[in-house]
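Asks: okay, predicted coordinates and the sequence, questions at the end:
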There are 2 protein chains.
Amino acid sequence: MLDRKDGRPLHRQVAESLRREILGHDLPPGSTLPSEAELCSRFGVGRSVVRQAVAGLAADGLVIRRQGRPTVVAAPTEYRRLVQRATGLFEQFARRGHDIRTTVLELVEATPPEPARASLGTKACLRLERVRLLDDEPLSYVRTWLPAARVPDLRAEDLVDASLHRLLSHRYGLRPVSGQRQVRAVAADERLASALAIDPGTPLLLLEGETADQHGRPLEWFSAWHRSDRVVFDIDVSETAETLTLDTLPKAEGTESGGKPRPAERDLARARELVEELRTLLG
Amino acid sequence: MLDRKDGRPLHRQVAESLRREILGHDLPPGSTLPSEAELCSRFGVGRSVVRQAVAGLAADGLVIRRQGRPTVVAAPTEYRRLVQRATGLFEQFARRGHDIRTTVLELVEATPPEPARASLGTKACLRLERVRLLDDEPLSYVRTWLPAARVPDLRAEDLVDASLHRLLSHRYGLRPVSGQRQVRAVAADERLASALAIDPGTPLLLLEGETADQHGRPLEWFSAWHRSDRVVFDIDVSETAETLTLDTLPKAEGTESGGKPRPAERDLARARELVEELRTLLG
């Protein structure tokens, strides 16, 4: 399994292989590490090599050794972002008591790339480049394109340690409401790596999309690269969305014959929810 | 900018640097490449080096050169997955006419890691390992934990080129309905890289979560690693979700004074939607 011609010590090679499995979630947090005997046979090394490798992982905080019980993969500190809401990182984290800081790297007039231009319907844009930090450690790098005519007199100072969405809403009366988002995994290039204090090539969680205001008009087009060791995107899969999905299925062949799913009851339950929401809305 | 002591030809170094910016979406699809003159000055190289670098990117399909017009970053072929729905990859892609294939690598009784055990409420589980392919090229690697007692007589053959969710629904009357999902960017370890036919270290888009059935009981716990060069996750940010979010805001200070957002009207519009949905539901 190990390359004995590799210059590095065997325990480093074993640790590195396990580290990749832990970071790739092939060995997810909370799972038990294979036993020493299993690791010895898998890597073809002695027990002392395995022990040294596991000690190294424990020192890095990747695993937790417990007296007389199997070693488990540690759960890292991660910050969660709800991505199906238009609210920005700032609001979401502030609401949970996190102190998020923002550095503005640049706010300039510039021509956006074609997809942003098509979305915003204008070439006359502002390009805003920001780094968001949590506990003085970079969390994300955000590039936002804004139609210049909609945000007159916007200055970089306005956005230091502040929320763009709050500013748009309070000063310009433009409330970010809806939009499409795409999530990708990309490798950090040199510029992003340096801004986020990580190594080039590190996976980043990229959130891209456009946001429209309360009148349905395009308001921003952004790319936000998140450090994957610190940020996880949360998504809530709701029965409502599922119900809507099933409705568009070409044919729900056989679903009824299973006996369990009862569309009529489901519809009735949904109807009760709607009535409840209506009651709340209309007082 | 370039390391002249680096053994590789200069044009290769320029191409590699631009390639990283394109793959990292720092230069997103549809954006124009900086002009030859700009690239010459940025990298400190001559025009022939820049031309050779750009020709290499064009040959790899990363950029599109156009007669008399600026070179643009190409949009790669990507498959989109809606992640806020409980429906699996199979249904989503089949509905759009894609022919998705599934290889079952393993279906065995096994003890799940702690988070899966806690979610499923049992140690007696089946571990299912699958690779999904599109056009004979791997798209994702999926590990699913199922409570053994809920899927008696499940066999690997049942799942070859088939949908697990459809099988659960049709044979067992268990309809995957709701759940929580997390999205992460992780680097492929050797095992995942080999199964997905990519290089170790390549960023993967990891979708993890649990799914409950129509009775709210836990049905599956899964990790699905997607090739980030082929798959993008789509998220729809709806006004509904946003409305609900705003309701939980500590205080919408100043929002009204902006003059533009009128909560009463918004509520009324939402009420109309609800009534419409009710009408459809109840016939």
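Replies: Thanks, I have it.
Asks: check contacts around A:E36.
Replies: Residues in contact with A:E36, defined by CB atoms under 8 Å, 6 or more residues apart in numbering or on different chains, are A:47, A:50-51, A:54. For glycine as for every other residue, the C-beta is placed from the backbone atoms N, C-alpha and C.
Asks: quick check: domain ranges of chain A?
Replies: Structural domains assigned to chain A are A:10-73, A:79-234, A:239-281, following automatic domain parsing.
Asks: sorry, back to before: neighbour count added to the contacts of A:E36, as CSV?
Replies: Converted to CSV, the contacts of A:E36 look like this (neighbours: other CB atoms under 10 Å in any protein chain shown):
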residue, neighbour count
A:R47, 11
A:V50, 25
A:R51, 15
A:V54, 21
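Asks: find the centremost residue of chain A, please.
Replies: In chain A, the centroid-proximal residue (CA atoms, centre = their mean) is A:F233; its distance is 3.4 Å.
Asks: helix/strand/coil for the closest residue in space to A:D3 that isn't next to it in sequence?
Replies: Nearest residue to A:D3, sequence neighbours excluded (CB to CB, 6 or more residues apart in numbering or on different chains): A:Q13, at 7.2 Å. Under DSSP: H, G, I helix; E, B strand; the rest coil, A:Q13 falls in the helix class.
Asks: isn't A:Q13 up against A:R4?
Replies: No: A:Q13 is beyond contact range of A:R4, at 9.1 Å (criterion: CB atoms under 8 Å).
Asks: of these two, which one has the most company?
Replies: Between A:Q13 and A:R4, counting by other CB atoms under 10 Å in any protein chain shown, A:Q13 is the more crowded of the two (20 against 8).
Asks: pLDDT weak spots in the stretch 101-250 of chain A?
Replies: For the stretch 101-250 of chain A, the stretches flagged by pLDDT under 70 are A:238-250.
Asks: can you pull out the strands in it?
Replies: A:125-134, A:137-147, A:178-187, A:203-212, A:218-227, A:231-237 (DSSP state E, counting those that start in this stretch).
Asks: go through the domains of chain A and pick out the most buried.
Replies: Neighbour counts (mean count of other CB atoms under 10 Å in any protein chain shown) averaged over each of the domains of chain A peak at domain A:79-234, with a mean of 19.
Asks: settle this for me: A:E137 is touching A:R230, isn't it.
Replies: Yes: here A:E137 reaches A:R230: they are 7.4 Å apart, a contact under CB under 8 Å.
Asks: that older thread, what distance do you get for the residue nearest to the centre of chain A to B:S228?
Replies: For A:F233, the distance to B:S228 equals 14 Å [CB to CB, to the nearest Å].
Asks: likewise A:Q67?
Replies: Distance, A:Q67 to B:S228, using CB to CB: 40 Å.
Asks: now swap in A:C40 and tell me
Replies: Taking CB to CB as the measure, A:C40 falls 35 Å from B:S228.
Asks: what does A:G24 give?
Replies: Note on A:G24: its distance to B:S228, by CB to CB, is 13 Å.
Asks: what do the two both touch?
Replies: With CB under 8 Å, 6+ apart, A:G24 and B:S228 have common neighbours B:L204.
Asks: nearest to B:Y141, of the domains of chain A?
Replies: Nearest to B:Y141 among the domains of chain A is domain A:10-73 (9.2 Å), distances taken as CB to CB.
Asks: now that closest one, how far from the centre of its chain.
Replies: Here domain A:10-73 is found 27 Å from its chain centre; the criterion is CA atoms, centre = their mean, to the nearest Å.
Asks: and it, average pLDDT?
Replies: Mean per-residue pLDDT for domain A:10-73: 93.
Asks: quick check: end-to-end length of it?
Replies: Start-to-end span of domain A:10-73 (CA to CA, to the nearest Å) is 21 Å.
Asks: and the closest residue to A:V50 other than its chain neighbours, helix, strand or coil?
Replies: Spatially, and ignoring its direct neighbours in sequence, A:V50 is nearest to A:L39 (4.6 Å; CB to CB, 6+ apart). Counting by three-state DSSP, the backbone at A:L39 sits in helix.
Asks: so A:L39 makes contact with A:V14?
Replies: Yes: at 7.0 Å, A:L39 and A:V14 qualify as touching, with contact defined as CB under 8 Å.
Asks: shared neighbours of those two, which are they?
Replies: Counting by CB under 8 Å, 6+ apart, the residues touching both A:L39 and A:V14 are A:45, A:50, A:53.
Asks: those into a markdown table, with extra columns for secondary structure?
Replies: Putting these into a markdown table (three-state DSSP) gives the following:
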| residue | secondary structure |
| --- | --- |
| A:V45 | coil |
| A:V50 | helix |
| A:A53 | helix |
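Asks: quick one on the thing from earlier: and the strands of the stretch 101-250 of chain A as TSV, adding distance to chain B?
Replies: As requested, the strands of the stretch 101-250 of chain A are arranged in TSV below (distance: least, CB to the nearest CB, whole Å):
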stretch	distance to chain B
strand A:125-134	11
strand A:137-147	8
strand A:178-187	4
strand A:203-212	4
strand A:218-227	6
strand A:231-237	4
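Asks: could you dump these to CSV with distance to A:R85?
Replies: Listed next are these as CSV, based on distance: least, CB to CB, whole Å:
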stretch, distance to A:R85
strand A:125-134, 17
strand A:137-147, 16
strand A:178-187, 10
strand A:203-212, 11
strand A:218-227, 14
strand A:231-237, 10
